[in-house]
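Peer 1: just a sequence and a predicted model for now, questions to come.
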Number of protein chains: 2
Amino acid sequence: MGTNRTRVGIKEVAAAAGVSVTTVSHALNNKGRLPEATRQRVRAIADQLGYKPNATARNLVVGRTGLIGLVVSQHGGPPFAVTDFAYFGQLMLAASTAAIGEGYALVLAPADGALAPQGGIAVDGAIIVDPVRDDPLVSALGRAGITVVTTGRMLGDDRSCWVDNDHIAGTRSMLDHLQRCGAERIALMTSPLEISYTFDVERAYREWCASERVEPIVKAPELGLSERAGYAAAGELLSLPEPPDAIFATYDRLAYGTLMAAEARGVRVPDDLLLATTATESQAPEQARPALTTLNLNPEEIGRAAASLLIALLDDEEPARHVVVPHRVVVRSSTRRKR
Amino acid sequence: MGTNRTRVGIKEVAAAAGVSVTTVSHALNNKGRLPEATRQRVRAIADQLGYKPNATARNLVVGRTGLIGLVVSQHGGPPFAVTDFAYFGQLMLAASTAAIGEGYALVLAPADGALAPQGGIAVDGAIIVDPVRDDPLVSALGRAGITVVTTGRMLGDDRSCWVDNDHIAGTRSMLDHLQRCGAERIALMTSPLEISYTFDVERAYREWCASERVEPIVKAPELGLSERAGYAAAGELLSLPEPPDAIFATYDRLAYGTLMAAEARGVRVPDDLLLATTATESQAPEQARPALTTLNLNPEEIGRAAASLLIALLDDEEPARHVVVPHRVVVRSSTRRKR
DNA sequence: CCTCGTTGGAAAGACGTTTTTGCACTTCCT
DNA sequence: AGGAAGTGCAAAAACGTCTTTCCAACGAGG
């Protein structure tokens, strides 16, 4: 009893309020000329009845699909997407939640054109995660008249709309933090992948070293982005005649390997070595022993912002076309010296 | 030129074919009474014109949303940060692709009821990934009249529809493989989680041990599902008076930790210790040194099957309510003894 | 008192499909 | 030859909302 099988429609609301469906629609959407009193009354009745407009019908009349696509660009090289999956997962979920909140549904799409008009699914707009330089997908969608927002700038095109961190500033914050904790020889463990994130971080690191007048120590693991790679690379760093007293790793899995390499050699973290990495909100850094200090890139905020920006664009508002999402240094045991 | 701004509709096709829209619809959907000749002709004209039916309009008239939700159950919270596993990514993408292929869109939803009628998004059905025992979400959706398919069985309810691997058989295959490679004391490194996967594997392991008349060695790490946890647990196993000569780890991150624990103690893999784990198609196991032998659970097939099963249910076909997806033992260096 | 402008709200059309109903024409049987 | 059964297709109604148009009532100004 109470709720029937069929959802309550605009007609029932109109009947209950003693007005026409027109008035209900106007009241709910702030359109038309209605005295405030009527608006309020209709609204009250509507949500007392639990009225939810049928999204399909609305989409049909306003001529949209209500769908936005999210595609994780493949980067040509596989290892990246897999490694940083926590990042993508949080980003996607946040984007999806934000989209739902604004009346859209976010659909996950493979990179190989399930979004194109032919054979695929029709969407109003798309979010492309970390496009590569001159990403063909972006231009293909643009040509098809689909509004696109990217997370991470697309190198090679500055007219696009994007959401990104300021990796330069983030790197500096982390290096400053390590320095304040007493580090004098900070090494950067990065990756050989030629993506803009890595590029930005390495550049910021070298600039920071130059301005601090210290010698940069950069180590790029040869075994990919695995724990094992970090383990090996850390081993080499720690075997240096003058080993670093702090390491900033660009990917968390490298850091986990570093942690184990340190343990294997009896190098204590944080007492003998400070360790920090880039990561997400996930529990992994916290679970490590010692817990890892991270530069949190805030993928959730990136996802949320990307969805909001795209939807603003679709709804013909005129939002700022670029959004910079703040990073945050999360200090944990791995950089907390006992004294 | 050529394609105009507005997509071609059923009316244009009808005009071009010299028939009514009714006939076009019937021809395209295999309904009504039409001679095969007309059907063919209309179809030819339709895809020559590049006609794609408007999904929104269709959904409106057939009374569905065209949306299916995919929710990654939060598992109460702690150890299993959803997004940590490539497994989910592959599953989601495959499910999404399959759904699109059958005219549905898959939307990613947070576990905290963005799917419920109130305040959330309306969907026709939902896929729930790895529900916990008596998952509240499943019953909530069921009560709301939303068709549900789970990947992994839900312990505590056998009326549900699910897609799963045959973990019992998979575990046996792997144990047999290890045995054939010469292992005599095989340990199981597992996790305490209450999902059907872990449950099945441990049971299969114990049964196998019983039938082989060997003593089971089960180790559940205390530090969650991190590399660090695997490192510690492996350390304990290798310190036993009679250490195992093979380890099967239920999660890959445990295996990576195990690998490093072995290296730290000078235990050679695979010469002194065989190591295998469960994993996905990703490159991580291959990148490890030595490359890891894995039991591939085929998450892509799971996702695809889950979407297809759900859609069959929604379309009132009467599919088999349970689908078992085959596993595959992928042999790599970590169980390949030199002699 | 008449006209004009303003206000509140209703009626009707539109969005692009699917589906039901029904008409006209053929063929076949008796 | 007349009816029954079958065939090919079109017309029209729905699906649930938004939006445009338009009418009635009312007050104010001349």
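Peer 2: The structure has been received and is ready for your questions. Residues are numbered from 1 along each chain as shown, chains lettered A, B, ... in the order given.
Peer 1: and the helix or strand encompassing A:G303, what's its mean pLDDT?
Peer 2: Here A:G303, judged by DSSP states H and E, is contained in helix A:299-314. What helix A:299-314 shows for mean pLDDT is 96.
Peer 1: could I get the average pLDDT for the helix or strand following that helix?
Peer 2: Tracing the chain past helix A:299-314, the next element assigned as helix or strand by DSSP H and E is strand A:322-325. In this model, strand A:322-325 has a mean pLDDT of 95.
Peer 1: which of the residues in the next helix or strand after strand A:322-325 are buried?
Peer 2: Sequence order places strand A:328-330 as the next helix or strand after strand A:322-325, per DSSP H and E. Going by neighbour count (16 or more other C-beta atoms under 10 Å in any protein chain shown), the buried part of strand A:328-330 is A:V329, A:V330. For every residue, glycine as well, the C-beta is placed using N, CA and C.
Peer 1: in chain A, where is pLDDT below threshold?
Peer 2: Residue ranges of chain A with pLDDT under 70: A:1-6, A:73-85, A:113-114, A:116-119, A:192-195, A:281, A:338-339.
Peer 1: quick one: the helices in the stretch 51-200 of chain A, in order.
Peer 2: Along the stretch 51-200 of chain A, the segments classed as helices by DSSP state H, counting those that start in this stretch run A:55-62, A:79-83, A:85-101, A:136-143, A:167-180, A:196-212.
Peer 1: hey, which of the ones you listed is tucked in deepest?
Peer 2: Ranked by mean neighbour count, those are led by helix A:85-101 with a mean of 24 (mean count of other C-beta atoms under 10 Å in any protein chain shown).
Peer 1: how far off helix B:86-101 does that helix point, in degrees?
Peer 2: 40 degrees (axes from the mean of the first three to the mean of the last three C-alpha atoms, to 10 degrees).
Peer 1: check which helices and strands helix A:85-101 sits against.
Peer 2: strand A:67-72, strand A:105-109, strand A:125-129, helix A:299-314, helix B:86-101, strand B:105-109 (3 or more C-beta pairs under 8 Å, 6 or more residues apart in numbering or on different chains; DSSP states H and E).
Peer 1: for the fifth one, which outside residues touch it?
Peer 2: By that I understand helix B:86-101. A:81-82, A:85, A:88-89, A:107-110, A:114, A:120-121, B:68, B:70, B:72, B:82, B:105-106, B:108, B:127, B:129, B:151, B:279-282, B:284, B:297, B:299-304, B:306-308, B:311 (C-beta atoms under 8 Å, 6 or more residues apart in numbering or on different chains).
Peer 1: how about the nearest residue to A:G235, chain neighbours excluded?
Peer 2: Excluding the flanking residues, the one nearest A:G235 by C-beta to C-beta, 6 or more residues apart in numbering or on different chains is A:A261, at 5.0 Å.
Peer 1: and the one you found, what element?
Peer 2: Using DSSP H and E, A:A261 falls in helix A:252-265.
Peer 1: who does the next helix or strand after that helix pair up with?
Peer 2: Moving toward the C-terminus from helix A:252-265, the next helix or strand (DSSP H and E) is strand A:274-279. The strands that strand A:274-279 pairs with in its sheet are strand A:246-249 (parallel), strand A:293-296 (parallel) (by DSSP bridges).
Peer 1: contacting residues around A:R185?
Peer 2: Counting by C-beta under 8 Å, 6+ apart, A:R185 touches A:V214, A:I217, A:E242, A:P243, A:P244, A:D245, A:A246.
Peer 1: tell me which two of these sit farthest apart.
Peer 2: Between any two of the contacts of A:R185, the greatest separation by C-beta to C-beta is 14.5 Å, found for A:V214 and A:P243.
Peer 1: who's more crowded, the two?
Peer 2: A:P243 (18 against 15; other C-beta atoms under 10 Å in any protein chain shown).
Peer 1: who are the contact partners of the more buried one?
Peer 2: A:R185, A:L237.
Peer 1: how close does the residue in chain A that chain B sits nearest to get to A:A95?
Peer 2: Here chain A gets closest to chain B at one residue, A:G89, 2.4 Å apart by C-beta to the nearest C-beta. Per C-beta to C-beta, to the nearest Å, A:G89 is found 11 Å from A:A95.
Peer 1: could you do A:A44 as well?
Peer 2: 33 Å.
Peer 1: count of neighbours near A:A320?
Peer 2: A:A320: 9 surrounding residues under other C-beta under 10 Å.
Peer 1: so what's the backbone phi/psi at it?
Peer 2: Backbone torsions for A:A320, taken as degrees, to the nearest 10, come to phi -60, psi 140.
Peer 1: turn the contacts of A:R185 into TSV, including secondary structure and distance to DNA strand D.
Peer 2: Output for those, formatted as TSV (DSSP: H, G, I helix; E, B strand; the rest coil; distance: C-beta to the nearest atom of the strand, whole Å):
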residue	secondary structure	distance to DNA strand D
A:V214	coil	61
A:I217	strand	60
A:E242	coil	68
A:P243	coil	65
A:P244	coil	61
A:D245	coil	62
A:A246	strand	57
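Peer 1: contacting residues for the spatially most central residue of chain A?
Peer 2: Compute the mean C-alpha point of chain A, and by C-alpha atoms, centre = their mean the closest residue is A:P299, 3.1 Å away. Contacts for A:P299 (C-beta under 8 Å, 6+ apart) come out as A:Y87, A:F88, A:Q90, A:L91, A:A94, A:T280, A:E281.
Peer 1: at 6 Å instead, please
Peer 2: Counting by C-beta atoms under 6 Å, 6 or more residues apart in numbering or on different chains, A:P299 makes contact with A:Y87, A:Q90, A:L91, A:T280.
Peer 1: and if you look at A:V138?
Peer 2: A:V138 neighbours (C-beta under 6 Å, 6+ apart): A:I128, A:P131, A:V148, A:M154.
Peer 1: can you lay out these as TSV showing neighbour count?
Peer 2: TSV is the format used below for the contacts of A:V138 (neighbours: other C-beta atoms under 10 Å in any protein chain shown):
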residue	neighbour count
A:I128	27
A:P131	26
A:V148	25
A:M154	24
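Peer 1: ok, those vs DNA strand C, which is closest?
Peer 2: A:V148 (23.2 Å; C-beta to the nearest atom of the strand).
Peer 1: so what pairs up with the closest one in the strands?
Peer 2: As assigned using DSSP bridges, the partners bridged with A:V148 are A:A126.
Peer 1: ok, and the closest non-adjacent residue to A:V71?
Peer 2: The shortest distance from A:V71 to any non-neighbouring residue, by C-beta to C-beta, 6+ apart, is to A:A109 (4.7 Å).
Peer 1: count of residues packed around that neighbour?
Peer 2: With other C-beta under 10 Å as criterion, A:A109 counts 28.
Peer 1: just checking, it touches A:V72?
Peer 2: No. In this structure A:A109 lies outside contact range of A:V72 using C-beta atoms under 6 Å: 8.7 Å.
Peer 1: what residues does chain A have near DNA strand C?
Peer 2: For chain A, the contact set with DNA strand C under C-beta under 7 Å from any atom of the strand comprises A:18-23, A:32-35, A:38, A:57, A:60-61, A:63.
Peer 1: got the residues of chain A near chain B?
Peer 2: For chain A, the residues in contact with chain B (C-beta under 6 Å from any C-beta of the partner chain) are A:56-57, A:59-60, A:67, A:78-79, A:82, A:85-86, A:89-90, A:92-93, A:96-97, A:100, A:105-108, A:110, A:114, A:121, A:224, A:226-228, A:231, A:256, A:260, A:264, A:282-284, A:287-289.
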